[in-house]
Each structure stands twice: as structure tokens, then as C-alpha cells.
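1. fold the following, please.
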Amino acid sequence: MNETRRGQQYTVPTGRPFLLGELRTKLAAIEGSVRALYADAHPAELETVADETYLLFTIARNLAPAKTYTGCDRHPNGAIDPEPPQGWTRCLLCNEARRRGTTAAGVPGPASRTSNLGYPVPEGPYSFELLKQLLRRTTEVAYGLSLRSSDAEFTELADTVHQSFIVARELSRPRNTSGCDIHPGAPTDPTADNACLFCTADRRRRLNQRDGVPVMIDRLPRRGGVRPRRSLP
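-> Sure thing, here's the model as predicted:
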């Protein structure tokens with residue numbers, strides 16, 4: 001499909017009209033399912049919503065440009081740091097250089113929580129009202145798009161749908177005894193009075209940081225302080 005755009009020839013990306021129509025149709029069905037539920041709905045009732053929202057995210061992801069896993073301009077698809085400090089990117093190579101003090105590069109802006117695919121994860125607590133708010137925002141963005149919308153607008157759509165999926169997924173998990181609002185389906189930590197395992201691990205990780213920088217633990221010396229030598233044959 002070709003259109004004239006400011007005197008230049010503009011080509012609509014292949015598959016965009018079909019994907020955009022399919023996304024709006026599926027989004028309307030999900031909103032109808034959510035409106036039929038209530039705030040204290042059983043997790044099993046939200047399983048279908050979570051599954052359909054993930055399919056919606058797959059469509060939105062195909063409409064948007066590919067994500068870089070690390071968020072780093074130098075290593076867009078490099079190794080991922082499993083626990084990046086606050087304000088750093090998810091690039092393991094750059095973060096290791098910062099931890100060792102071997103780079104003079106400035107620390108980038110605060111990095112939001114992201115999944116392994118590089119899409120944002122909303123802050124808790126996760127509630128049914130938050131799910132409805134994210135779906136309303138998704139609807140606003142989806143129906144504001146056109147075939148000639150920019151890549152940034154389609155990226156915003158994919159990010160919003162992914163956040164909706166994360167909330168729906170957590171709400172569809174069986175409730176636990178920890179009473180955690182952020183991770184309703186998380187396991188409990190028996191060493192912390194059966195509190196949420198994810199929140200406990202996050203608190204411990206933050207305690208091991210000083211001013212946002214992880215504390216480097218010195219390697220323990222070998223027994224005797226001298227490395228034993230093997231006798232030559």
C-alpha cells in the first residue's frame with residue numbers, strides 16, 4: 001500500500017493494516033471480559049484474560065520495532081545483568097566496567113523495571129483497578145494510531161499492553177499466604193516469617209548496596225595464604 005507523504009512516496013509496512021485491525025478486535029473482546037468481572041474475582045476467572053492479553057501483546061510487539069534487550073547503545077543485544085543497580089542499564093558489560101571503576105562514562109538516567117525481553121514492568125501493588133486503568137490506556141493509544149503512525153507510537157502501545165499482561169498474569173495466579181499485593185502468586189520465604197520471597201530478596205539486594213552501587217565482596221584467601229604448588233613428576 002503506497003501513499004503520498006509530504007511529496008514523497010510512503011509505503012505502509014507489510015502486514016500493518018491486518019495486525020492493527022486484529023489488535024483492535026481482540027482488545028474490544030478483552031475489555032468486554034474484564035467488564036464482566038468484579039474486583040474480588042477468583043484467579044481462575046482471570047486466566048482467560050491473561051492468556052488473551054498475552055496474545056494481544058504478541059500482536060502489538062509485531063507492530064512495533066524490535067527491542068534491544070540491554071537498553072545500551074554500545075551493546076544493544078549483549079549479555080543482560082540479572083540485578084542491575086538503580087539508575088544503570090541492563091547491559092552486563094557496561095555494569096561490570098562501572099563496578100570495577102574502569103570506565104569514565106556517565107551513568108545513564110534511571111532505568112525502569114523491565115522484563116527479559118526489555119519491556120517495562122509496572123510497579124505494584126497489582127490490583128483489578130490497575131488492570132482496568134492499563135486497558136483503558138491501551139484503548140486510547142490503539143485507537144489513536146493510524147497506518148502512518150511513527151515507530152515510537154507503536155512502541156508505546158507494546159509497552160502498555162505488556163504492562164497490562166503482567167498485571168493480569170499476577171492476578172490469575174493462586175493466592176498465597178504472604179498477603180503480598182505486588183506479587184499475589186509469589187512463593188513465601190520460610191526464613192522471613194513466610195513473607196513474599198520476591199520482596200524479601202529485593203530488600204536484601206538493596207541492603208547490599210551503598211548509594212546505589214553494589215558492594216564488592218573480596219575473594220576469600222586460600223587456606224594458609226599461599227597457593228599450593230603441585231610437585232612435578
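
2. only C-alpha atoms from now on, for both contacts and neighbour counts.
-> Noted.

3. mean confidence score for the strand or helix carrying residue 98?
-> Under the criterion DSSP states H and E, the helix or strand holding residue 98 is helix 92-100. Helix 92-100 shows a mean pLDDT of 80 in the predicted model.

4. what's the first helix or strand after that helix?
-> Past helix 92-100, heading to the C-terminal end, the next element that is a helix or strand (DSSP H and E) is helix 128-143.

5. read off the pLDDT value for the nearest residue in space to residue 141 that is not next to it in sequence.
-> With C-alpha to C-alpha, 6 or more residues apart in numbering as the measure, residue 157 is the residue that lies nearest to residue 141, at 6.1 Å, once sequence neighbours are left out. Residue 157 is assigned a pLDDT of 95 by the prediction.

6. repeat that for residue 59.
-> The predicted structure scores residue 59 at 95 on the pLDDT scale.

7. now do it: how many residues are near it, please.
-> If you count neighbours by other C-alpha atoms under 10 Å, residue 59 ends up with 19.

8. how far away is it from residue 143?
-> Taking C-alpha to C-alpha, to the nearest Å as the criterion, residue 59 is separated from residue 143 by 15 Å.

9. one more: residue 136?
-> Distance of residue 136 to residue 143, computed by C-alpha to C-alpha: 11 Å.

10. same deal with residue 168?
-> Looking at residue 168 against residue 143, where the rule is C-alpha to C-alpha, the gap reads 21 Å.

11. these two: which has the busier surroundings?
-> More crowded of residue 168 and residue 143, by other C-alpha under 10 Å: residue 168, with 27 against 11.

12. please enumerate the strands of this protein.
-> 2-5, 8-11, 188-189, 195-196, 209-210, 213-214 (DSSP state E).

13. mind picking out the helix or strand in this structure with the poorest mean pLDDT?
-> The weakest-scoring helix or strand in the chain, judged by mean pLDDT, DSSP states H and E, is strand 2-5 (a mean of 48).

14. residue 150: how many residues sit nearby?
-> Residues within reach of residue 150, counting by other C-alpha under 10 Å, total 11.

15. dump the residue contacts of it.
-> Residues touching residue 150, when contacts are defined by C-alpha atoms under 8 Å, 6 or more residues apart in numbering, are absent altogether.
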